[in-house]
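> the following comprises the amino acid sequence and a computationally predicted model.
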Amino acid sequence: MSHAPAAVAYEEVVAQTGQNPFRRGRLIAAALVIVGIAAFAIQYGSDPKSAWQAFLVNLVYFMGIAQAGIVWAAIARTARGHVWASNIVRYGEALSAFLPVAYVLMLIFLWVPGAGQSLYEWVEHPIAQKAPWLNWPFFATRSTLLMGALVLMSRRMLSRSLKPDLAKLKDRVPGKLKELYGKRTSKGVKADAAAQKELLDLSPWFVLLYCIVYTMWAFDVLMALDPHWVSTLFGAFIFMSTLYTGLAVISLASIWTRKPLGLEKTISTEQYHSIGKLLFSFALFWIYSYWSQFLPIWYGNLSEETPYVVLRLAPPFQTWAWIIFTLTFAIPFFGLMNWTTKKRPELHQIFALIGLVGIWLERNLLIQPSVHPKVWDLGPLQIGVMLGFLGAFTLMFLNFASKYPMVSSLGIPSGAPPEWSGGHDISEP
């Protein structure tokens with residue numbers, strides 16, 4: 001049974017904004033960035049192709065999480081997720097703080113000579129029939145433009161959501177933030193009702209844009225690693241599994257920061273119960289979408305389709321394929337089947353984290369066999385590169401959380417009749 005989000009006085013949000021700088025967390029995150037840069041440099045010195053492979057795995061993974069966070073905010077608004085999302089929608093938006101950094105990293109991968117090109121065999125050995133589409137200038141240009149459009153739209157959605165809060169808080173926050181808030185609102189701010197309507201109107205189009213761009217991103221950056229294999233379901237498989245990771249990180253971020261931010265009363269266990277049900281559903285959808293691709297490939301037994309799957313289900317990748325199945329589907333599915341694990345944050349977080357590890361390994365399984373088909377190329381240096389991306393992602397998230405309110409004053413309206421709604425009691429006194 002669902003319940004209304006916990007009521008919270010607006011003063012409580014004001015009291016916590018800008019009060020926790022997360023110094024320790026940011027120092028650790030910065031240290032991880034240094035570890036990642038060092039690991040990439042060492043790997044590049046010995047095997048540049050392996051270094052760029054690790055770079056691509058983590059670019060796809062962490063950029064996806066950052067994008068999925070703000071897409072979840074749009075999904076919640078589109079679905080009028082008043083009950084389960086009103087008090088956590090800002091967490092999804094906060095994840096997108098990493099997007100500008102991720103976009104720059106993507107440009108490095110696409111445009112630095114010898115970077116991304118080294119992973120795609122058709123760069124050195126063009127395929128005549130596919131050359132109009134699979135040629136590097138066009139490949140890099142369309143990825144740059146499509147991802148650029150999505151990142152710009154993400155920033156616009158974030159700005160529209162933040163500005164009403166900044167206008168309300170600019171005279172109440174610590175002095176170091178007053179100037180920042182003043183600049184962000186200097187051109188005027190729409191009334192709450194107008195801002196809310198704009199967000200609600202834009203959200204479904206934003207979700208659609210995400211689906212289109214990430215379908216193209218999946219086809220180009222991942223499927224093109226093996227230019228002879230084609231799956232029309234692959235785009236949906238990637239953008240849905242990316243939403244899985246975004247939801248899991250929203251859950252973990254809120255669990256781990258709600259106490260330091262003073263939001264324990266604001267984000268209720270009922271909301272974790274709802275998120276747990278969504279995580280359970282996405283674990284099920286992940287295996288469904290995998291099986292939807294695997295079954296026709298197995299049944300059709302076509303020579304251009306089967307090698308891609310056979311390679312990933314044979315040694316040295318076979319064991320890892322089963323580990324991924326266990327972490328991404330089996331453990332979250334059976335673990336989140338009961339009420340207790342969904343609702344209790346200390347248990348809920350375990351299954352969210354397991355699912356994230358599973359998807360990260362899955363991204364390795366999608367990329368590595370196409371680059372190094374005879375070895376599972378995952379060692380300390382590849383893990384070091386992952387830690388660097390994790391550090392950069394965490395640093396940007398904590399920087400956002402230390403400056404901006406982590407609960408939106410707009411909330412999300414309920415699509416239900418008034419008698420079904422508990423109300424989102426965050427209002428300016």
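Arrived safely.

> now do the same for residue 412: helix, strand or coil?
coil (DSSP: H, G, I helix; E, B strand; the rest coil).

> which of the residues in stretch 318-336 are buried?
Buried residues in stretch 318-336, counted by 16 or more other CB atoms under 10 Å: 320, 321, 324, 325, 327, 328, 329, 331, 332, 333, 335, 336. C-betas here are computed from N, CA, C, even on glycine.

> isn't the third one up against residue 361?
Yes. Residue 324 sits in contact with residue 361 when judged by CB atoms under 8 Å, with a separation of 4.9 Å.

> just to revisit the earlier point, next step: the buried residues of stretch 318-336 restricted to strands.
The strands, defined by DSSP state E, take in nothing from the buried residues of stretch 318-336.

> out of the residues you listed, which comes closest to residue 378?
residue 320 (8.1 Å; CB to CB).

> pLDDT score for that closest one?
pLDDT, residue 320: 96.

> next: residue 62.
Per-residue confidence (pLDDT) for residue 62: 98.

> sorry, back to before: quick check: neighbours shared by residue 324 and residue 361?
Counting by CB atoms under 8 Å, 6 or more residues apart in numbering, residue 324 and residue 361 have no contacts in common.

> which secondary element of the chain has the worst mean pLDDT?
helix 10-16 (a mean of 59; mean pLDDT, DSSP states H and E).

> farthest from the middle of the protein: give me that residue.
residue 128 (35.8 Å; CA atoms, centre = their mean).

> after whichever strand or helix holds residue 183, next one along is what?
Secondary structure from DSSP states H and E places residue 183 in helix 175-184. For helix 175-184, the succeeding helix or strand toward the C-terminus, using DSSP H and E, is helix 192-217.

> report the distance from whichever helix or strand comes after that next one to the chain centre.
Downstream of helix 192-217, the next assigned helix or strand under DSSP H and E is helix 234-257. Centre-to-centre, helix 234-257 and its host chain are 5 Å apart (CA atoms, centre = their mean, to the nearest Å).

> next one: whichever helix or strand comes after helix 234-257 to chain centre, how far?
Next along the chain after helix 234-257, taking DSSP H and E as the criterion, comes helix 269-300. The chain centre lies 17 Å from the centre of helix 269-300; the measure is CA atoms, centre = their mean.

> please, which helix or strand holds the residue positioned nearest the centre of the chain?
The centroid of the chain falls nearest to residue 65 when counting by CA atoms, centre = their mean (1.3 Å). In this assignment (DSSP H and E), residue 65 forms part of helix 48-78.

> what is the next helix or strand after that helix packed up against?
Downstream of helix 48-78, the first helix or strand assigned by DSSP H and E is helix 82-85. In terms of contacts (3 or more CB pairs under 8 Å, 6 or more residues apart in numbering; DSSP states H and E), helix 82-85 is packed against helix 48-78, helix 269-300.

> ranking the ones you listed by mean pLDDT, which is last?
In terms of mean pLDDT, the lowest-scoring of the helices and strands packed on helix 82-85 is helix 269-300 (a mean of 90).

> which other helices and strands contact that helix?
By 3+ CB pairs under 8 Å, 6+ apart, helix 269-300 packs against helix 82-85, helix 234-257, helix 306-312, helix 331-335, helix 339-343, helix 345-371.

> low-confidence ranges in this protein?
For the chain, applying pLDDT under 70 flags the ranges 1-18, 414-429.

> state which helix of it is the longest.
Assignment by DSSP state H gives helix 136-169 as the longest helix of the chain.

> now residue 113, what's its secondary structure?
Quick answer, by three-state DSSP: residue 113 is coil.

> I figured residue 98 was touching residue 66, is that so?
Yes. Judged on CB under 8 Å, residue 98 makes contact with residue 66 at a distance of 4.0 Å.

> between those two, who's got more neighbours?
The neighbour comparison of residue 98 against residue 66 (other CB atoms under 10 Å) goes to residue 66, with 28 against 25.

> hmm, back to that, would you mark the buried spots in the helix holding residue 183?
177, 181, 184.
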